[in-house]
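Asker: no sequence for this one, just the structure:
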Ligand code: CTP
């Protein structure tokens, strides 16, 4: 297969950078290849009338030790506005352009083999050929490459060692080789991400291998920054809810903890709860003029399906307030049925709920029964906003002294307003007289 019009995936400056990169590689007697997501997405979007511009480009250089770093250093000299990062040990470099009109990053790797001392360890890296480099990758659809050319940008013919093009056409996510998931548990999440994102099926033998890997328990409760970033990356996808349901089916949630079980009820599945929490968060961000972080809340929703004693101990970088929230959420969900069923006044419910922060209330709203959800929503959007019709200054004018007692009076007036016993300032004054 030939890829045409590759330049339409890039801005004019990005394309100029790519041409220059190809020229530098050529001058250094190296071969340069674009590999992975960029090639996959260019094929998927071949007939897209105006495809989105790419922000990341993964390049591989074949031709000896530190090939990627050598090109990156030379390119940085020609584009000094770029930021250069070198990772000598991994034989990779990154150049990034981040300003008002550029948001572009190029990963420039030496074609390499990675040797893992044990699963999940940082690999030892040895320079090798493009073929070997493609072999170490995850899925056939991600092992596609095109060679760069100093004049044309790319040579055009797609390098496809593992039938990735057939898999893409047949809508299959297929691991390149056995042992891939054992070696790197992040690939469990990646398989689901590509399947959902590109509307593909996980190939039968890959599915079977995933189940065998997860049920062996080898990745149980692995924790760590890499797992955390996979979780957040998955939560950022438009179909995150459905992705987590598929991850559960594959046993991949055991990476978080083997006891984690997401609900699958028809009307209250994790997918529904995820959507609900995001919707509430969006509305409340506007209403309260806040910026509650959606992905962090997603992570908390996920972890809330574990006993909080376990969730708070996991190595997933939860902030102290997020840990506290797990405990408070469990407490609220236990007490919520009482709050709704025993005929409390609106102000009494308010007094109970105001002990909880907005995120805890959103999370419980996402998880609870409809009747409880309605009460939480009324509290969040109405009752918690209600103020006393009289201010402290008004009370001073009619002779009340400032201090703790005044605070209590204002609170009483607020509760009476929530219960609609008073509505106006005049009602409030009459109410105070009747109370004396
Ligand atoms: N890769 C891999 N195993 C991983 C991570 C990455 O084999 N655990 C390889 C794949 O070939 C992938 C490439 O490295 O295509 C680049 O990785 P990344 O940028 O994370 O993925 P993309 O395929 O570019 O996907 P995305 O669109 O999500 O960035």
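Answerer: That came through, no problem. Please read all numbers here as calculations on a predicted model, not as lab measurements.
Asker: Show me the contact partners of the one helix or strand residue 376 maps to.
Answerer: In this structure, residue 376 sits in helix 370-381 according to DSSP states H and E. With contact meaning Cβ atoms under 8 Å, 6 or more residues apart in numbering, helix 370-381 is reached by 280, 283-284, 287, 336-337, 339-340, 346, 349-350, 353, 358, 361-362, 364-365, 368. (C-beta placed from N, C-alpha, C; glycine too.)
Asker: Just the residues you listed: which are in helices?
Answerer: Residues of those located in helices (DSSP state H): 280, 283-284, 287, 336-337, 339-340, 346, 349-350, 353, 358, 361-362, 364-365.
Asker: What degree of burial does the residue of the chain found nearest the ligand show, as a neighbour count?
Answerer: In the chain, the residue found nearest to the ligand is residue 37; the distance is 2.4 Å by Cβ to the nearest ligand atom. Using other Cβ atoms under 10 Å, the number of residues around residue 37 comes to 16.
Asker: same question, residue 328
Answerer: 20.
Asker: nearest spatial neighbour of it, skipping sequence neighbours?
Answerer: The shortest distance from residue 328 to any residue other than its chain neighbours is 5.1 Å, reached at residue 360 (Cβ to Cβ, 6 or more residues apart in numbering).
Asker: Report all helices and strands that the helix or strand where residue 329 lies contacts.
Answerer: Element membership for residue 329 (DSSP H and E) is helix 320-341. Counting contacts by 3 or more Cβ pairs under 8 Å, 6 or more residues apart in numbering; DSSP states H and E, helix 320-341 packs against helix 294-303, helix 308-311, helix 346-353, helix 358-367, helix 370-381.
Asker: Give the buried residues for that helix.
Answerer: 322, 323, 325, 326, 328, 329, 330, 332, 333, 336, 339, 340 (16 or more other Cβ atoms under 10 Å).
Asker: which one of those residues is nearest residue 3?
Answerer: Nearest to residue 3 among the buried residues of helix 320-341, counting by Cβ to Cβ, is residue 322 at 44.5 Å.
Asker: burial of the nearest residue to that closest one once chain neighbours are set aside, as a residue count?
Answerer: Once flanking residues are discounted, residue 322 sits nearest to residue 300: 5.8 Å by Cβ to Cβ, 6+ apart. Residues contacting residue 300 under the criterion other Cβ under 10 Å number 22.
Asker: Quick one: residues contacting residue 300.
Answerer: If you count contacts by Cβ under 8 Å, 6+ apart, then residue 300 has 318, 322, 325, 326, 329, 359, 363 around it.
Asker: Next, residue 21: phi, psi?
Answerer: With angles defined as degrees, to the nearest 10, residue 21 sits at phi -60, psi -40.
Asker: residues in contact with it?
Answerer: Contacts of residue 21 (Cβ under 8 Å, 6+ apart): 32, 59, 71, 75, 106, 108, 148.
Asker: So the last one is in contact with residue 154, correct?
Answerer: Yes. Counting by Cβ atoms under 8 Å, residue 154 is a contact partner of residue 148 at 5.9 Å.
Asker: Now do the shared contacts for those two.
Answerer: What both residue 148 and residue 154 touch, as defined by Cβ under 8 Å, 6+ apart, is the set residue 34.
Asker: what does the chain put close to the ligand?
Answerer: 36, 37, 58, 137, 138, 142, 143, 184, 186, 187, 190 (Cβ under 6 Å from any ligand atom).
Asker: Next step: those residues restricted to strands.
Answerer: Mapping those onto strands (DSSP state E) picks out residue 58.
Asker: Most neighbours among the residues of the chain next to the ligand, please name it.
Answerer: If you count neighbours using other Cβ under 10 Å, the busiest of the residues of the chain next to the ligand is residue 143, which has 25 neighbours.
Asker: show me what contacts it?
Answerer: So residue 143 contacts 35, 36, 134, 135, 137, 160, 161, 162, 164, 176 (Cβ under 8 Å, 6+ apart).
Asker: any idea how far it is from residue 36?
Answerer: In this view, residue 143 and residue 36 are 8 Å apart by Cβ to Cβ, to the nearest Å.
Asker: Need the residues touching each of those two.
Answerer: residue 137.
Asker: one step back: could you measure from the residue nearest to residue 322 over to residue 245?
Answerer: Residue 300 is 18 Å from residue 245, by Cβ to Cβ.
Asker: Kindly report the same for residue 383.
Answerer: 34 Å.
Asker: can you check residue 156 too?
Answerer: For residue 156, the distance to residue 245 - Cβ to Cβ - is 40 Å.
Asker: cool, and residue 131?
Answerer: From residue 131 to residue 245 the distance is 37 Å (Cβ to Cβ).
Asker: swap in residue 176?
Answerer: 26 Å.
Asker: For stretch 31-45, the averaged confidence score.
Answerer: In this model, stretch 31-45 has a mean pLDDT of 95.
Asker: Tell me the span between the first and last residue of that stretch.
Answerer: End-to-end distance for stretch 31-45: 26 Å, by Cα to Cα, to the nearest Å.
Asker: what's it in contact with?
Answerer: 1, 3, 6, 9, 21-22, 25-26, 51, 54, 56-63, 71, 111, 130, 133-134, 137, 141-148, 154, 158-159, 164-165, 168, 198.
Asker: Give me the buried entries from those residues.
Answerer: 3, 6, 9, 21-22, 25, 54, 57-63, 71, 111, 130, 133-134, 137, 141-148, 154, 158-159, 164-165, 168.
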